[in-house]
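Asker: this one's sequence-less:
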């Protein structure tokens, strides 16, 4: 059996603890994921310039976040085109705003409000709500920013961030919940935020105005722990069962269930078999041990919805000398087929993946449970291909990474270091994947609000995925206005889209607030979803005082 390995052992006082610390959890074999480096440790590999040559698809930010105490994590795209990044396990959050040419590589950083006192979570849920606010829930660890100690508590705390007011507001947990932890979440097609309890089979729906909850998700076969949620074209939610033995649920080493959540009825049902085993049961190299850190990890990799309606699901077998399986789910036919195994001993036992604008899936895999080095793979629907790595690839493990799809079509990668990288795909999207603007006023004024109408405003996928926590979905429309005389780019604050569904064939709409300092004159307006822009619509922007 193989013990959990981390990038560097912590000096922060984090110790591996048994899963009994997580409310009702009874699985002493569950593996944990502490911060991978101590405060002040080297946070990037040497020879960065040599690793980012002209042939590499990876580009580092020009202005790296060297001011973060523990490195960058949990990138979130807001509806005004800016990106929020958490200082991993700390209360401070930072905003990356693209420059006047729309470049994130050359963007500028500003600090935003910190999370409420006592809530500095590591490994938590996250989502942008239709009104533009960001919610984070739970946390496997709560860290103390004064002592640098982190404790594995699977907290039930949460908070919601209002970017207009630059304030965080605490959110009480659903009634009776002792934990949320490193749980999964999703925004349903009607815009309702659904949150899982990591340590039970419970789920709840948020009332965004009163910040109260109501239960949902009846009929769940097993606990939510280590599972991810993928929003499907029909509005349902897909999950693959991880069989974590939280009492009274029993460990089933050969289980291959997948489940579907009916977003209209609010119920789960077992919908069949994944054909191949995707979660880590260590079936081939040992049964459940009574020693902590031995036996199965119960982890899963990400499940990425692609434009053709298939979900590419990455397996997480951490057994020595074995590799992770993959499988492909056809959401239109409700069928699975086996995909290729990862080469060597690679798998994604917790880790990121994202949909590229060309329809490929970019993912971050590594041996064992997050052991270095990392290898980046692409899935094109037929084959799994290894590609170029980042400068930190030799010292990273899969679970260090978080991905985010930017409006430029690039994929932003954080890895708990101060080196943020951007991935640029080799080719662009197909025209039929792009949003279509049917109507927008052809005369706009700075500081005013307008409504745009069209189709495919939410894209064909959630964009970015992870094994369980760290959601960074971008299935919402952004509005980008480029002044034709100067070429300067500004994002309006989008909000209240008519739907959060993926692959919507209905007429969509979104409100957008033109910035008060938007440059005036002839401009082009684009609606962007998951990095894919519509054909431009030409508009005239007037100043605030112009009639």
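Answerer: Structure's in. What do you need? Because the structure is predicted, anything quoted here is derived from the model rather than measured.
Asker: When you work out contacts or count neighbours from here on, use the C-alpha atoms and nothing else.
Answerer: Noted.
Asker: For the protein, which helix or strand comes out least confident on mean pLDDT?
Answerer: Scoring the helices and strands of the chain by mean pLDDT, DSSP states H and E places helix 48-51 at the bottom, with a mean of 42.
Asker: Report the next helix or strand after that helix in sequence order.
Answerer: The helix or strand immediately downstream of helix 48-51 is strand 58-60, counting by DSSP states H and E.
Asker: So which residues make contact with that next one?
Answerer: With CA atoms under 8 Å, 6 or more residues apart in numbering as the test, strand 58-60 has contacts from 52, 105, 388, 389, 390, 419, 420, 421, 422, 423, 424.
Asker: Quick one: mean pLDDT over the following helix or strand past it.
Answerer: Per DSSP H and E, the first helix or strand lying C-terminal to strand 58-60 is strand 72-77. The average pLDDT for strand 72-77 rounds to 97.
Asker: what's strand 72-77 packed up against?
Answerer: strand 83-87, strand 125-128, strand 402-405, strand 411-414 (3 or more CA pairs under 8 Å, 6 or more residues apart in numbering; DSSP states H and E).
Asker: who touches it?
Answerer: Taking CA under 8 Å, 6+ apart as the rule, strand 72-77 contacts 65, 83-88, 127-128, 401-404, 406, 412, 414-418, 420, 470-472, 474.
Asker: tell me the angle of it relative to strand 83-87?
Answerer: 160 degrees (axes from the mean of the first three to the mean of the last three CA atoms, to 10 degrees).
Asker: Quickly run through the sheet partners of strand 72-77, with directions.
Answerer: Partner strands and pairing direction for strand 72-77 (DSSP bridges) are strand 83-87 (antiparallel).
Asker: starting at the chain centroid, how far to the helix or strand following the strand it pairs with?
Answerer: Downstream of strand 83-87, the first helix or strand assigned by DSSP H and E is strand 93-97. The chain centroid and the centroid of strand 93-97 are separated by 17 Å under CA atoms, centre = their mean, to the nearest Å.
Asker: any weak-confidence spans in the stretch 201-350 of the chain?
Answerer: 283-294 (pLDDT under 70).
Asker: circling back: if you go by neighbour count, which of the contacts of strand 58-60 are buried?
Answerer: Burial by neighbour count, 16 or more other CA atoms under 10 Å: within these this picks out 52, 105, 389, 390, 419, 420, 421, 422, 423, 424.
Asker: taking those residues one by one, which sit in strands?
Answerer: 421, 422, 423 (DSSP state E).
Asker: Now pLDDT and distance to residue 247 too, for these, in a markdown table please.
Answerer: Shown next, in a markdown table, are these (pLDDT from 0 to 100; distance: CA to CA, whole Å):
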| residue | pLDDT | distance to residue 247 |
| --- | --- | --- |
| 421 | 98 | 42 |
| 422 | 98 | 43 |
| 423 | 98 | 43 |
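Asker: and which of the residues you listed is nearest residue 494?
Answerer: Nearest to residue 494 out of these is residue 422 (CA to CA; 23.8 Å).
Asker: what's near enough to touch that closest one?
Answerer: Here residue 422 is in contact with 57, 58, 59, 60, 61, 105, 410, 411, 412, 413 (criterion: CA under 8 Å, 6+ apart).
Asker: And for the fifth one, the neighbour number?
Answerer: Burial of residue 61 is recorded as 19 neighbouring residues (other CA atoms under 10 Å).
Asker: Just give the closest residue to it, not the sequence neighbours.
Answerer: residue 105 (4.3 Å; CA to CA, 6 or more residues apart in numbering).
Asker: How about residue 405?
Answerer: The shortest distance from residue 405 to any non-neighbouring residue, by CA to CA, 6+ apart, is to residue 411 (4.6 Å).
Asker: Specify the beta-bridge partners of that neighbour.
Answerer: residue 405, residue 423.
Asker: State the distance from it to residue 512.
Answerer: Computed with CA to CA, to the nearest Å, the distance linking residue 411 and residue 512 is 24 Å.
Asker: which one of those two has more residues nearby?
Answerer: More crowded of residue 411 and residue 512, by other CA under 10 Å: residue 411, with 27 against 24.
Asker: How confident was the prediction at that one?
Answerer: For residue 411, the predicted pLDDT is 98.
Asker: ok now do it, which residues does it touch?
Answerer: Counting by CA under 8 Å, 6+ apart, residue 411 touches 354, 356, 403, 404, 405, 422, 423, 424.
Asker: switch the cut-off to 7 Å
Answerer: Residue 411 makes contacts with 403, 404, 405, 422, 423, 424, as judged by CA atoms under 7 Å, 6 or more residues apart in numbering.
Asker: burial count for the residue nearest to residue 368 when sequence neighbours are not counted?
Answerer: Closest residue in space to residue 368, ignoring its immediate chain neighbours: residue 318 at 4.2 Å, by CA to CA, 6+ apart. By the criterion of other CA under 10 Å, residue 318 has 31 neighbours.
Asker: Next, give me the two most distant ones among the contacts of strand 58-60.
Answerer: 105 and 388 (18.8 Å).
Asker: quick revisit: among the helices and strands packed on strand 72-77, which is the most enclosed?
Answerer: strand 402-405 (a mean of 30; mean count of other CA atoms under 10 Å).
Asker: From the contact counts, what lies against that strand?
Answerer: strand 72-77, strand 353-355, strand 411-414, strand 464-465 (3 or more CA pairs under 7 Å, 6 or more residues apart in numbering; DSSP states H and E).
Asker: Go again with 10 Å.
Answerer: Packing contacts for strand 402-405, counted by 3 or more CA pairs under 10 Å, 6 or more residues apart in numbering; DSSP states H and E, involve strand 72-77, strand 353-355, strand 361-367, strand 411-414, strand 421-423, strand 464-465.
Asker: Looking at the contacts of residue 422, which is nearest residue 436?
Answerer: residue 410 (20.5 Å).
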